[in-house]
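Asks: turn this into a model:
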Amino acid sequence: MGAYAEAYRRSLADPEGFWGEAAGLIDWTHDPSRTLDASSAPFYRWFPDGEMNTSANALDRHVESGAGDRLALIWDSAMVPAKRTYTFGELRDEVAGVAGALAALGVGKGDRVIVYMPMVPEALMAMLACARLGAVHSVVFGGFAAKELAARIEDAQPKVVVAASCGLEPGRVVAYQPMLEKALGMSAHRPAHTLMLQREGHPADLSLPGYVDWAEAVSSAAPAAPVPVASTDPLYILYTSGTTGKPKGVLRTAGGHAVALAWTMGAIYDIQAGDVFWAVSDVGWVVGHSYIVYAPLLIGATTVVYEGKPIGTPDAGVFWRVVEEYGVKAIFTAPTAFRAIKKVDPKAAELAKYDVSTLKTLFLAGERLDPETYRWASEMLGVPVVDHWWQTETGWPIAANPRGLEPMPTKPGSATVPVPGWDVRILDEYGEPVGAGREGEIVIGLPLPPGALHTLWGDDERFIASYLSRHEGFYHTGDSGHFDEDGYLFVMGRIDDVINVAGHRLSTGAIEAALATHPAVAECAVIGVPDPLKGQLPYGLVVLKAGVEQDEESLAAELIAAVRRDVGAVAAFRDVSVVPALPKTRSGKILRKTMRGIADGREEPVPATIEDPSVLDAIAPVLRHRAER
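Replies: Here you go, the predicted model:
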């Protein structure tokens, strides 16, 4: 039996023994006497009586072991442009100062802090400072629309917001304070203070009530020591789209999270202390949490924080420049980034300008990796291209090619094999297992391994209803797929109506809600349609109110603006059609799946439950025209 097969077998047969060993990868202020407490299932508790601090594990212990001069963080901004580096010792001191500033504003163990910042080192410092105090951070993607930010503020009830004055995008500066102020005005909860990082080019107005200057507060604060917390205490809340349009606050606990992430760095990514790891993402997303901030630092590796785009800042060679300049061993990003590079530089002329010999593996995730992008990246780079699959809720890969445990051959379209700890099954709609080659619902047997979500913030009932109620004893991923005869997992797409735009999961319900605010719109539907660059894009169909006459071009512009206002530019919404009616079942459910199939270019059978087949006939040409485009 190979190393992978043995590890996988043991992780399911003896999870307490397997994860009990992995617990040795981190330092505990009080060693756990037990690995798993199942007495309160389905709210399983890993290392229930252990005590530790994530910030101390990511920083202090490396300094104390003599690695304080090792490089911890490299910040490379193609937008300013600017570069900064921090050793573990320097980063520890910076984080202690930020933690002291937060403590002076009243933040303590269990308090929530919203972090609303771009890709700057201070964003990581804020997260690690919260962890240092035992506070619970909730990072919101910098520049997210005010309405979405307000929903998160109201749900998390933060004591403090930590923000930056602006974010930088190609050709423009995005001011954060106006969106933050609008969000605070929309929320019933208003935190006492906003700790504001001033960035050159667009400083914020610190004379407004509650604002505190980052530089002044941190420089005058007494450095804070790490506060030991229970393994089962919350580390962070990260909001993800719900099919109802109301965001779900995924709650991660401290001990299991640190153990799982430390284990993955060696087993999956083949990264050890001193290696340079680059997750090209944003701290607002789960990839940023797990593999920009926590996992690399927990094991003493160097993390690269990049502010820019894969193309246009300044060109399609920026990835290769960063690899050469910093000696990057592995890149982790979304297929969208490589589709963008391929589109601009199909023959990889920019790649030829750089020495990327340090790069050993390219990891892609966040959306399905199409075979053409896999082929191009493999041929151009000449290194293994690893598609792997996971979710905000799981916190780390469910399926991957375990490069550090036992490298395996790759297959286009497959995320390779289930990672140890994840009991992955394929079930039909009745909960019965299906054989190799047959597509079904991807589920995971309980208990979920350490590092997965514990529950949803303040809503245990929704946690159970959303993830555990469909098939008893299993976590419902919401994705469909199949195993092949070699045990390789192929993930085919979402079962529900959450779409995936460039690796960002977005609720079609939230986009529909924005469209519905327009006074001319009677009803609407949004479906995900294929896009060669972003994987999927939202496509809107709207029915106008009776008697309304409006130019379709101007209406489309207004609807696009409404989505940008309420959901944000990340939705990439720019395609909408006016239709006479929407096809529905007799119970009134809109036939989104059927419309999606037609817009994908497939011949869809008319569902037996349809109320009026003529409605589908009427809009089918519109959908087919969208497919042809």
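
Asks: hey, where'd the helices end up in the stretch 1-150 of the chain?
Replies: 3-13, 15-22, 54-55, 61-62, 88-104, 121-133, 146-156 (DSSP state H, counting those that start in this stretch).

Asks: reformat these as CSV; add distance to residue 571, mean neighbour count and mean pLDDT.
Replies: For glycine as for every other residue, the C-beta is placed from the backbone atoms N, C-alpha and C. Output for those, formatted as CSV (distance: least, C-beta to C-beta, whole Å; neighbours: other C-beta atoms under 10 Å; pLDDT from 0 to 100):
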stretch, distance to residue 571, mean neighbour count, mean pLDDT
helix 3-13, 38, 16, 98
helix 15-22, 38, 18, 98
helix 54-55, 32, 27, 99
helix 61-62, 40, 22, 98
helix 88-104, 32, 23, 98
helix 121-133, 22, 27, 99
helix 146-156, 10, 21, 93
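
Asks: redo those helices as TSV? Include distance to residue 218.
Replies: Below are the helices of the stretch 1-150 of the chain laid out as TSV (distance: least, C-beta to C-beta, whole Å):
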stretch	distance to residue 218
helix 3-13	42
helix 15-22	35
helix 54-55	15
helix 61-62	22
helix 88-104	5
helix 121-133	9
helix 146-156	23
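
Asks: report the distance from stretch 314-322 to the chain centre.
Replies: Here stretch 314-322 is found 23 Å from its chain centre; the criterion is C-alpha atoms, centre = their mean, to the nearest Å.

Asks: for it, which positions count as buried?
Replies: By 16 or more other C-beta atoms under 10 Å, the buried positions in stretch 314-322 come out as 315, 316, 317, 318, 319, 320, 321, 322.

Asks: can you list the strands that the lowest-mean-pLDDT helix or strand in the chain pairs with?
Replies: Using mean pLDDT, DSSP states H and E, the weakest-scoring helix or strand in the chain turns out to be strand 504-507, at a mean of 75. According to DSSP bridges, strand 504-507 forms sheet pairs with strand 498-501 (antiparallel).

Asks: hmm, back to that, for residue 224, which of the helices of the stretch 1-150 of the chain is the nearest?
Replies: Of all the helices of the stretch 1-150 of the chain, helix 88-104 sits nearest to residue 224, with 3.7 Å by C-beta to C-beta.

Asks: tell me which of the helices of the stretch 1-150 of the chain sits nearest to residue 471.
Replies: helix 3-13 (17.5 Å).

Asks: so which residues make contact with the closest one?
Replies: With C-beta atoms under 8 Å, 6 or more residues apart in numbering as the test, helix 3-13 has contacts from 1, 17-19, 267, 402, 405-406, 408, 417-421, 423, 445, 449.

Asks: next one: stretch 220-233
Replies: With C-beta under 8 Å, 6+ apart, stretch 220-233 has contacts from 29-30, 32, 45-53, 55-56, 60, 93, 96-104, 109-110, 129, 132-134, 253-256, 454.

Asks: gap between residue 217 and residue 107?
Replies: Per C-beta to C-beta, to the nearest Å, residue 217 is found 12 Å from residue 107.

Asks: between these two, which has more neighbouring residues?
Replies: Ranked by neighbour count (other C-beta atoms under 10 Å), residue 217 and residue 107 place residue 107 first, with 28 against 19.

Asks: quick one on the thing from earlier: of the buried residues of stretch 314-322, just say which sits nearest to residue 70.
Replies: For the buried residues of stretch 314-322, the nearest to residue 70 is residue 322 (19.2 Å; C-beta to C-beta).

Asks: quick check: residue 284 touching residue 139?
Replies: Yes. The pair residue 284 / residue 139 is scored as a contact, 5.5 Å apart, by C-beta atoms under 8 Å.

Asks: residue 189: how many residues sit nearby?
Replies: Residue 189 - counted by other C-beta under 10 Å - has 12 other residues nearby.

Asks: can you offset everything so residue one is 671?
Replies: Shifting the count to begin at 671 puts that one at residue 859.

Asks: on that earlier part again, more neighbours, residue 954 and residue 809?
Replies: Between residue 954 and residue 809, counting by other C-beta under 10 Å, residue 809 is the more crowded of the two (28 against 24).

Asks: from residue 887, how far out is that one?
Replies: For residue 809 relative to residue 887 (C-beta to C-beta), the value is 19 Å.

Asks: cool, and residue 1033?
Replies: Distance, residue 1033 to residue 887, using C-beta to C-beta: 37 Å.

Asks: same thing with residue 1195?
Replies: 48 Å.

Asks: then residue 1231?
Replies: 37 Å.

Asks: so the closest residue to residue 1290 other than its chain neighbours: helix, strand or coil?
Replies: Distances taken as C-beta to C-beta, 6 or more residues apart in numbering put residue 1268 closest to residue 1290, at 5.8 Å, once the chain neighbours are dropped. Three-state call for residue 1268 (DSSP: H, G, I helix; E, B strand; the rest coil): helix.

Asks: count the residues that sit near residue 1268.
Replies: Residue 1268 has 22 nearby residues by other C-beta under 10 Å.

Asks: pLDDT wise, what is it at?
Replies: With respect to pLDDT, residue 1268 scores 92.

Asks: how far does the least confident helix or strand of the chain sit from the chain's center?
Replies: The gap between where strand 1174-1177 is centred and where its chain is centred comes out at 10 Å by C-alpha atoms, centre = their mean.

Asks: any idea what residue 809 is bridged to?
Replies: Bridge pairing for residue 809 (DSSP bridges) gives the partners residue 785.

Asks: what's the neighbour count on residue 1133?
Replies: Residues lying near residue 1133 (other C-beta under 10 Å) number 23.

Asks: hang on, it is in a helix, isn't it?
Replies: Yes. Assessed with three-state DSSP, residue 1133 lies in a helix.

Asks: for it, what are its contacts?
Replies: Counted by C-beta under 8 Å, 6+ apart, residue 1133 has contacts 1123, 1125, 1126.

Asks: need phi/psi at the residue at the greatest distance from the centre of the chain.
Replies: Distance to the chain centre peaks in the chain at residue 1217, reaching 43.2 Å (criterion: C-alpha atoms, centre = their mean). Main-chain dihedrals, residue 1217, degrees, to the nearest 10: phi 80, psi -10.

Asks: before we move on, what about residue 920?
Replies: According to degrees, to the nearest 10, residue 920 has phi -70, psi 120.

Asks: helix or strand: which one has residue 932?
Replies: helix 924-937 (DSSP states H and E).

Asks: shaky segments in this structure?
Replies: Applying pLDDT under 70 to the chain picks out residues 671, 912-915, 1166-1167, 1256-1258, 1278-1279.

Asks: could you chop it up by domain?
Replies: 756-897, 1168-1298 (automatic domain parsing).

Asks: reformat those as TSV; add distance to residue 1139.
Replies: TSV is the format used below for those (distance: least, C-beta to C-beta, whole Å):
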stretch	distance to residue 1139
domain 756-897	22
domain 1168-1298	17
